[in-house]
Every structure is written in structure tokens, then in C-alpha cells.
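> Dropping the sequence and predicted coords here.
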Amino acid sequence: MTAIAKIKNDLEKILPKDSILTSKEERYVYSQDGTNGMESEILPDSVVFPETVEQVQKILKYANENKIPVVARGAGTNLVGACVPLKGGIIINFTKMDKILEINKTNMTATVQAGTIVGKLQEEVKKQGLFFPPDPSNLKVSTIGGAIAQSAGGPKTFKYGTTKDYVLGLKVVLADGNLLKVGVNTIKNATGYHLEQLFIGSEGTLGIVVETTLKLIPQPETTRVVMAYFDNISDATDSVTKMTDSNIYPSTIDFMDNNTIKTIEKFYHVGLITDKQAALIIELDGLEVSMDTQIERLKETLVQSNADNIVVSVTKEEQEKLWTARRASFSAAAKLKPDVVTNDMIVPRENISKLVQGINEIGEKYGLTICTVGHIGDGNIHPQVALDLNNETEAENYQKAKAEFYELAIKLNGTLSAEHGIGCEKKAFLSKALSPLSIEYMKKIKKMFDPNNILNPDKIFDM
Ligand SMILES: Cc1cc2nc3c(=O)[nH]c(=O)nc-3n(C[C@H](O)[C@H](O)[C@H](O)COP(=O)(O)OP(=O)(O)OC[C@H]3O[C@@H](n4cnc5c(N)ncnc54)[C@H](O)[C@@H]3O)c2cc1C
């Protein structure tokens, strides 16, 4: 019996036969994720679809006893190769564990299974007047388990924070199959170490999340979206401080550089002004009665920052049109060349124009086409590099440019990733961002939770 047939045979004692995939074609699909250029030649041995916590516990116990690697998988949309099964093994797909177990209006909490789609949760809590703000741009498909594991953020981070700010409690299956409950169901907690935070951003390397209790907040009554253009990038970035000085606190301040504006306009003809160096899309939310005042103040601060062509969209359709333009940046960049690779870095906001300018200079040095977007309220920038990964020179130049992007972000007091994580994509650069002692403690923690190194091995760092 081959090793794969043996694992299948053993897993059939835990799961129904139709919840286990082992054909080469099926395993091939699960050897990759949303990361461009990160395809693994190693296939998983099997892909399983548990429906209960007990099944997940039995799978982990079996895998640990037999030292078989295990990779949890939500929608597979992460951008750092975090789901790629570098050592084969079992992929646990959470598609069938996608239930919203409770939305508690009084406590303002939701308890959900790990495979719950983020957008679905947002829709359901909205029906009760509540709001779950973390909003990775692909929230229509990505899962809560994936968002927790990658510490996902999104455009609304400036005002509302990221996934880590909303996780109150977790149920985690440990490498040996034990079920660990960490955190609480309450909004505040000062009862010992915050172990739940340890699992956030751990990319499935410390334990497998099966359930979580999340904090919710009241749904903002209304929103407005404002777009403004600038002749230079520093005016755009400086405008954020002017907004906060005037007590304006937008939920989103998204940035597009000139190349992005031109590329979107080239392919989608949405009416953007292409000779401007930067554009901001700013979303305000709050009470309807406050909106006119907020908009007037925002416009004043934008004018003080030398912005022009300021457009205010009031109706949902007008707002959607502006957001559609911003969201089209990735697909527009993808039309320039066969491939597009999105990166993710963050610096303190005071250094953001230096980061954007530096990225452009690095792009020019290596002859790369870069469309830069970002969440400038947070200092988080995403250079989207359009290239042909099959062209050896371009692929090599991208690798060199990427290393320089990271060095620049770190030199500017920032770090390697704001919201996409490390996976295998960035692990070679981890020691540039973190001290040796910090990495040593991370490894000690990993060893304690997963002594046999079966949980998503070789991600974040090598043991
Ligand atoms: C078009 C596009 C836009 C995006 N926009 C954003 C954005 O705005 N902000 C942002 O932060 N990210 C963004 N991302 C990245 C992606 O959305 C996030 O990394 C994400 O939340 C992944 O969710 P997922 O369900 O696809 O997880 P997956 O990719 O399936 O998994 C990601 C990691 O989580 C682990 N994992 C999954 N489920 C579990 C579990 N139950 N327990 C333990 N570990 C688990 C996996 O092993 C892996 O390490 C974007 C991606 C795409 C493709």
C-alpha cells in the first residue's frame, strides 16, 4: 500500500469517504493558493472536509501520532503562500464548518465556525443593526479562520482596527488533538495572558481554530464617499493629519498613485483624472444629521492640502462607482502584463511619502511597472507589480526589487507586513524585521505547542 493510500485508509475511519480527496488532480488544486509565483511541486497527500470539532480533533491526533504535516485552509486566498503544503500531508478544508452559531445583540458578539465567510457574517450582523468592521477586499470569499490566522485588515483599519481587535475568544484544536478554549465572551478581560492573541497572525502554525467569539459594534447609520486629487504625493499623505486636526475621523482613506489612476482609466474608462500624482478615496460614516458638517470640514482640510477636483458621492450608486474604480486597480494592473504580484508593507504614517517615492525609484531601477495603492491612514502600502513571471529577467528583477522594498520599509521604521502575513513568501526576510531574540522566543512557543512540527511546517520561519 502506498503512503497516500495508507493515509486515506486511516482517515476513512474518522470521516465519511466523500469528505476525503486523494486523486492527483484534486491534490494538485490544493498544492497552491492565491499567491502568484508560489506554486509548490509537492502535492498534499489528501484534502479533508470535516464537519465537526471532534473530527478535527481526531484528524490532528492521528496526524501527530504519525508525524504527518497538517495545513488548515479557508478560501486559499492569502497572498504569501501560507496554505502551500511545503511538506505534503493533510489539508483540512473548512468549507463545511461555516455556521454562524450565534449573533447576540445585547452582548454585541457573534460566535462563528472557522469556515464562515467574512462577507456573510457582515451581512447577517447588519440585519441586526450591528457591524463587524475588518474587511479584507476579498471578503465575499475569504473566511474568518483565514482572517484570524493572517491577522487580516482591510480599508477600514484606520478607524476600526483589524481582525485582532475583534477576537474575544477562540476554540483551538492543538497539534495533539486536545481542544483549547482561550479568551472570553466578554468585551473586557484581564484574566491572565491573552493567549487568544497568540493565535492571531500565527498562520495555522500553533493550532487549528474551529470556533471564535467576535466583538461587534453598532452599524454606522450612513456613509459618504469623497474623492480628491493631488499634484504631489506628500500633499495627499499630509492631508490625513489635517483631517484628524479638524476632528474628522474617516473610516477609510485609500490612496492611488498616478500609474494606478492611468491604468484604471486606460482599461475601464471610469472618468478618472489621469494627470494627477495621487488620488484619495475617503469614506466618512456616522449619523445622517452629522454628514453635511463632516463633509464641509473634510472639504476645507482637503483644500488646505492643495487638493482639487473634489467629488462627494451621496447615493449608494455614486459611492459604489468610486469604490469600483479603486477596487479595479488590481484587475487593471493584471491587464498590463501576464502576471501581477501584490505586496504589503507598512511604515509610520509620517514616512509614507518616502516609502511611495522609494518604491517608484526601485521600480524604475529594475524596469518594473508598478501601480501603488494603499491605506494611507494606516501607513500601509501595496505596490502591485505587473510583470511576466516566465520572463527570467523580469522575475529576477522583481526578486531584487522586492528585497529592496522590504529594506526600505524597515529603514523607515516600518515592517514587512501589515495585513498579508509572512507565509513562505517573506520568511527569508523575517530576520531583517525582528530581533534574533524575538525569533528565538517565537520558535520556543512553536515548539511548545507543536513539538513534532506538524502544523503548517516551514511557514513564517524554519524550525
Ligand atoms: C483579491 C484579494 C484581495 C485581498 N485583500 C486583502 C485586504 O484588503 N486585507 C487583507 O488583510 N488581506 C487581503 N487579502 C489576503 C487574504 O484575504 C487574507 O490573507 C485572508 O483573510 C485569507 O483568508 P482565507 O480564508 O482565504 O485563508 P487561507 O488563504 O485559506 O489561509 C490563510 C492562512 O490561514 C491558515 N488558516 C486558515 N484557516 C485556519 C483555521 N481555521 N485555523 C488555523 N489556521 C487557519 C492557513 O493555514 C493559512 O496559513 C486579499 C487577497 C486577495 C486575493
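All right, it came through fine.
> Kindly list the main-chain dihedrals of G286?
The phi and psi torsions at G286 (degrees, to the nearest 10) take the values phi 140, psi -160.
> near the ligand, which residues of the stretch 351-463 of the chain show up?
Neighbours of the ligand within the stretch 351-463 of the chain, by C-beta under 6 Å from any ligand atom: E419, H420, N456. The way it works is simple: take the backbone N, C-alpha and C, and place the C-beta from them, glycine included.
> Select from those residues the one having the most neighbours.
Using other C-beta atoms under 10 Å as the neighbour criterion, N456 leads these with 29 neighbours.
> Would you mind naming what in the protein lies close to the ligand?
33-34, 71-79, 82-83, 94, 114, 136-138, 142-143, 145-147, 149-150, 152-154, 203-204, 208-209, 330, 419-420, 456.
> And T213, what's its pLDDT?
Predicted confidence (pLDDT) for T213: 98.
> my bad, E196
We note a pLDDT of 97 for E196 in this prediction.
> show me the contacts for the residue of the stretch 301-450 of the chain found nearest the ligand.
For the stretch 301-450 of the chain and the ligand, the shortest gap (C-beta to the nearest ligand atom) falls at E419, measuring 3.3 Å. Counting by C-beta atoms under 8 Å, 6 or more residues apart in numbering, E419 touches P136, Q150, S151, A152, G153, G154, T157, T162, D344, N380.
> 6 Å - rerun?
Applying C-beta atoms under 6 Å, 6 or more residues apart in numbering to E419 gives the contacts A152, G153.
> Now name the helix or strand holding it.
Assigned by DSSP states H and E, E419 belongs to neither a helix nor a strand.
> Can you read off the pLDDT for it?
Note for E419: predicted pLDDT of 96.
> Numbering from 185 from now on, please.
Sure, I'll start numbering at 185, so the last one becomes E603.
> I'd say S537 and S418 touch.
Yes - using C-beta atoms under 6 Å, S537 is in contact with S418, at 4.3 Å.
> how about the helices in the stretch 485-634 of the chain?
500-518, 536-549, 576-595, 614-617, 620-633 (DSSP state H, counting those that start in this stretch).
> Turn those into CSV, columns for distance to I560.
Listed next are the helices of the stretch 485-634 of the chain as CSV, based on distance: least, C-beta to C-beta, whole Å:
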stretch, distance to I560
helix 500-518, 13
helix 536-549, 6
helix 576-595, 14
helix 614-617, 21
helix 620-633, 28
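> Could you pull up the residues touching the most centrally placed residue in the chain?
Note on the chain: the residue nearest the mean C-alpha position is A336, at 3.6 Å, using C-alpha atoms, centre = their mean. Going by C-beta under 6 Å, 6+ apart, A336 touches P320, T347, E603.
> Take the residues of the chain next to the ligand and keep only those in helices.
Of the residues of the chain next to the ligand, the ones assigned to helices by DSSP state H are G329, G330, A331, A333, Q334, F514.
> of these, the lowest pLDDT goes to which?
Within these, lowest confidence goes to F514 (90).
> Against the ligand, how distant is N291?
23 Å (C-beta to the nearest ligand atom, to the nearest Å).
> Wasn't that residue part of a strand?
No - membership of N291 in a strand is not supported by DSSP: H, G, I helix; E, B strand; the rest coil, which gives coil.
> Which pLDDT value belongs to the nearest residue to it once chain neighbours are set aside?
Distances taken as C-beta to C-beta, 6 or more residues apart in numbering place N369 nearest to N291, at 7.1 Å, with adjacent residues excluded. Each residue has a pLDDT score; the one for N369 is 94.
> Give me the number of neighbouring residues for N369.
13.
> Report the contact partners of the single nearest residue of the stretch 385-534 of the chain relative to the ligand.
Of all residues in the stretch 385-534 of the chain, G388 sits closest to the ligand, at 3.1 Å by C-beta to the nearest ligand atom. By C-beta under 6 Å, 6+ apart, G388 lies in contact with A256, A333, N640.
> just S435 next, same as before
Residues in contact with S435 (C-beta under 6 Å, 6+ apart) are K340, K343, E467, D469.
> Nearest to M185 among the helices of the stretch 485-634 of the chain would be which one?
helix 620-633 (31.7 Å; C-beta to C-beta).
> Now do the buried residues in that closest one.
By neighbour count with 16 or more other C-beta atoms under 10 Å, helix 620-633 contains the buried residues M626, K630, F633.
> Which of the residues you listed sits closest to I204?
F633 (26.1 Å).
> residues touching the closest residue to V264 other than its chain neighbours, list them.
With C-beta to C-beta, 6+ apart as the criterion, V264 has its nearest non-adjacent residue at 3.1 Å, and that residue is G607. By C-beta under 6 Å, 6+ apart, G607 lies in contact with V264, G265, A266, K643.
> can you pick the most crowded of those residues?
In terms of neighbour count, A266 stands highest of the contacts of G607 at 31 neighbours, by other C-beta under 10 Å.
> right, and that one touches G385 too?
No - A266 is beyond contact range of G385, at 10.5 Å (criterion: C-beta under 6 Å).
> In a strand, D469, correct?
Yes - assignment of D469 by three-state DSSP places it within a strand.
> What's the local residue count around it?
By the criterion of other C-beta under 10 Å, D469 has 22 neighbours.
> If you tally nearby residues, what's the number for the residue lying closest to G299 once chain neighbours are set aside?
Of all residues not flanking G299 in the chain, F278 sits nearest, at 3.3 Å (C-beta to C-beta, 6+ apart). Neighbours of F278 under the rule other C-beta under 10 Å: 24.
> circling back to that earlier point, tell me how far the residue of the stretch 485-634 of the chain closest to the ligand lies from Q239.
Using C-beta to C-beta, to the nearest Å, E603 is found at 31 Å from Q239.
> Check P567 too.
41 Å.
> Looking at these two, which one has more neighbours?
P567 (28 against 22).
> quick one: contacts for the more buried one?
Neighbours of P567 in contact, by C-beta under 6 Å, 6+ apart: N527, I543, I554, T556.
> Compile the residues you listed into a markdown table and extend it with columns for neighbour count and pLDDT.
Listed next are those as a markdown table, based on neighbours: other C-beta atoms under 10 Å; pLDDT from 0 to 100:
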| residue | neighbour count | pLDDT |
| --- | --- | --- |
| N527 | 25 | 94 |
| I543 | 26 | 96 |
| I554 | 23 | 97 |
| T556 | 25 | 96 |
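> Reformat the ones in helices among the residues of the chain next to the ligand as JSON lines; add neighbour count.
Output for these, formatted as JSON lines (neighbours: other C-beta atoms under 10 Å):
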{"residue": "G329", "neighbour count": "28"}
{"residue": "G330", "neighbour count": "32"}
{"residue": "A331", "neighbour count": "31"}
{"residue": "A333", "neighbour count": "31"}
{"residue": "Q334", "neighbour count": "29"}
{"residue": "F514", "neighbour count": "18"}
